[in-house]
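[1] Here is my input, please return the structure:
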Amino acid sequence: MDKRIYASYGQRPAELVKELLAEIDAAKDIPSGARIGLKPNLVVAKPAREGATTTPELVEGVIQYLQDHGHKNIAILEGSWVGASTQRAFRVCGYDDLARRYRVELVDLQKDSFHPRRVGDLEINVCSELDRVHYLINMPVLKGHCQTKITCALKNLKGCIPNQEKRRFHALGLHKPIAYLNKAIKTDLIVVDGLNGDLDFEEGGNPVQMDLILVGKDPVLIDSYVAQLMGYHPSEIGYLRLAAELGVGHLFDADTEVVVLRPAENTRRLSPSRAVERLARLVQEDQACSACFGSLIHALARLGEQGLLQRVPRPLVIGQGFRGKTGEGFGIGSCTRGFTSHVKGCPPSARDILEQLAGLK
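    Here you go, the predicted structure:
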């Protein structure tokens with residue numbers, strides 16, 4: 001399995017994702033006439049700016065790429081969480097309009113039949129529509145989760161099972177069934193929406209702007225990389241280890257290559273949520289790139305969970321405005337290398353920031 005992850009930063013998702021797909025020549029792996037399933041995260045009926053759902057412009061870019069390469073049999077598949085209406089999510093999140101404009105099918109998996117697939121000692125009911133899909137593109141949101149800490153590619157397949165099975169997954173503790181589900185359903189390509197994911201809850205409300213798109217073929221590799229971006233060690237996410245042991249993919253390690261097509265830039269900042277505003281008060285910021293600032297916010301959130309925010313040094317500086325400057329203080333990112341201490345990287349991961357901040361006395 002390919003141990004490379006491709007990344008781009010910016011605020012033009014359709015353009016950026018088409019560049020990424022062209023870079024890996026994604027079309028060459030798709031059989032002629034294949035039915036292609038696009039699986040976004042539309043867990044609730046909330047627009048993507050709130051940090052819970054996949055940005056429709058990102059899906060639009062994937063559709064454009066596929067259609068430009070002669071692939072017309074495309075379906076958007078989703079089953080929102082229990083108690084929510086997928087049809088409403090399609091409408092509110094902009095997918096009804098997207099489907100009309102590009103003549104792609106919308107499939108509500110909450111209304112689909114299902115059948116069992118067995119993985120080891122666990123039998124999992126999977127929506128029957130998956131049997132009609134020849135090539136599955138998983139399009140999750142990079143965001144937090146109140147029970148599993150993160151949710152990205154592996155957990156996004158939970159939308160491919162019926163509601164009663166979703167309830168059973170929670171009764172089983174989530175981690176084992178999520179790992180086993182990804183053995184039962186093969187993902188061919190992952191396109192991660194890391195533009196504006198929620199800080200710590202899959203329902204949205206505390207979005208953190210990172211302006212990031214990731215593309216890869218290994219869901220375990222992608223998710224373990226995302227864990228570090230959000231300030232966690234992959235060992236803290238139970239289903240990552242289980243999925244790796246099942247042969248679903250490989251954990252992110254020193255041999256993984258992250259290919260950045262378009263580096264982080266100083267893009268327009270979205271209005272932060274209240275949770276982000278509270279954490280941002282600890283920071284002295286001057287022209288910070290969204291990706292770098294987003295990593296810092298994730299790291300501060302992890303420190304808060306550990307009761308260690310009192311360790312945050314002052315001043316804590318970040319941004320291109322500090323490039324070439326020197327002084328006392330703790331800097332985030334390569335632009336602040338002139339300060340007494342700084343975290344390397346452009347941008348650094350939240351995990352790297354967290355480890356250095358947590359180690360301060």
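[2] pLDDT below threshold where in the stretch 151-300 of the chain?
    By pLDDT under 70, the weakly predicted segments of the stretch 151-300 of the chain are 268-271.
[3] And the helices in it?
    Applying DSSP state H, counting those that start in this stretch to the stretch 151-300 of the chain gives helices spanning 153-156, 163-171, 175-184, 219-229, 238-245, 274-280, 290-305.
[4] how about those helices, which one is nearest residue 80?
    The minimum distance between residue 80 and the helices of the stretch 151-300 of the chain falls on helix 163-171, with 9.4 Å, by Cβ to Cβ. (Each C-beta comes from the backbone N, C-alpha and C, glycine too.)
[5] helices or strands up against the closest one?
    Here helix 163-171 touches strand 122-127, helix 175-184, going by 3 or more Cβ pairs under 8 Å, 6 or more residues apart in numbering; DSSP states H and E.
[6] 10 Å instead?
    In terms of contacts (3 or more Cβ pairs under 10 Å, 6 or more residues apart in numbering; DSSP states H and E), helix 163-171 is packed against strand 114-119, strand 122-127, helix 175-184.
[7] Turn those into a markdown table, including mean neighbour count.
    A markdown table is the format used below for these (neighbours: other Cβ atoms under 10 Å):
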| stretch | mean neighbour count |
| --- | --- |
| strand 114-119 | 14 |
| strand 122-127 | 18 |
| helix 175-184 | 23 |
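[8] Tabulate those (JSON lines), appending distance to residue 324.
    As requested, the helices and strands packed on helix 163-171 are exported to JSON lines (distance: least, Cβ to Cβ, whole Å):
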{"stretch": "strand 114-119", "distance to residue 324": "55"}
{"stretch": "strand 122-127", "distance to residue 324": "55"}
{"stretch": "helix 175-184", "distance to residue 324": "46"}
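[9] so which of these comes closest to residue 24?
    helix 175-184 (20.7 Å).
[10] May I have the closest one exported as CSV, CA atoms only?
    Taking C-alpha atoms only, helix 175-184 is exported to CSV below (Å, rounded to 0.1, in the frame of the first residue of the first chain):
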residue,chain,number,x,y,z
HIS,A,175,-13.2,1.2,18.5
LYS,A,176,-13.4,-2.5,17.5
PRO,A,177,-16.4,-2.2,15.2
ILE,A,178,-14.9,0.8,13.4
ALA,A,179,-11.7,-1.1,12.7
TYR,A,180,-13.6,-4.2,11.6
LEU,A,181,-16.0,-2.1,9.4
ASN,A,182,-13.0,-0.9,7.4
LYS,A,183,-12.0,-4.5,6.8
ALA,A,184,-15.5,-5.2,5.6
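[11] Now do it: distance to the chain's middle.
    18 Å (Cα atoms, centre = their mean, to the nearest Å).
[12] Compute the inter-axis angle for that helix and strand 122-127.
    Helix 175-184 and strand 122-127 are oriented at 60 degrees to each other (axes from the mean of the first three to the mean of the last three Cα atoms, to 10 degrees).
[13] what's helix 175-184 packed up against?
    When contacts are defined as 3+ Cβ pairs under 10 Å, 6+ apart, helix 175-184 packs onto strand 114-119, strand 122-127, helix 153-156, helix 163-171, helix 219-229, helix 238-245.
[14] Check these for me and report the most buried one.
    By mean neighbour count, with neighbours taken as mean count of other Cβ atoms under 10 Å, helix 153-156 ranks first of those at a mean of 28.
[15] got JSON lines for the helices and strands packed on helix 175-184, with distance to residue 85 too?
    Formatted as JSON lines, the helices and strands packed on helix 175-184 follow (distance: least, Cβ to Cβ, whole Å):
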{"stretch": "strand 114-119", "distance to residue 85": "18"}
{"stretch": "strand 122-127", "distance to residue 85": "16"}
{"stretch": "helix 153-156", "distance to residue 85": "19"}
{"stretch": "helix 163-171", "distance to residue 85": "12"}
{"stretch": "helix 219-229", "distance to residue 85": "27"}
{"stretch": "helix 238-245", "distance to residue 85": "27"}
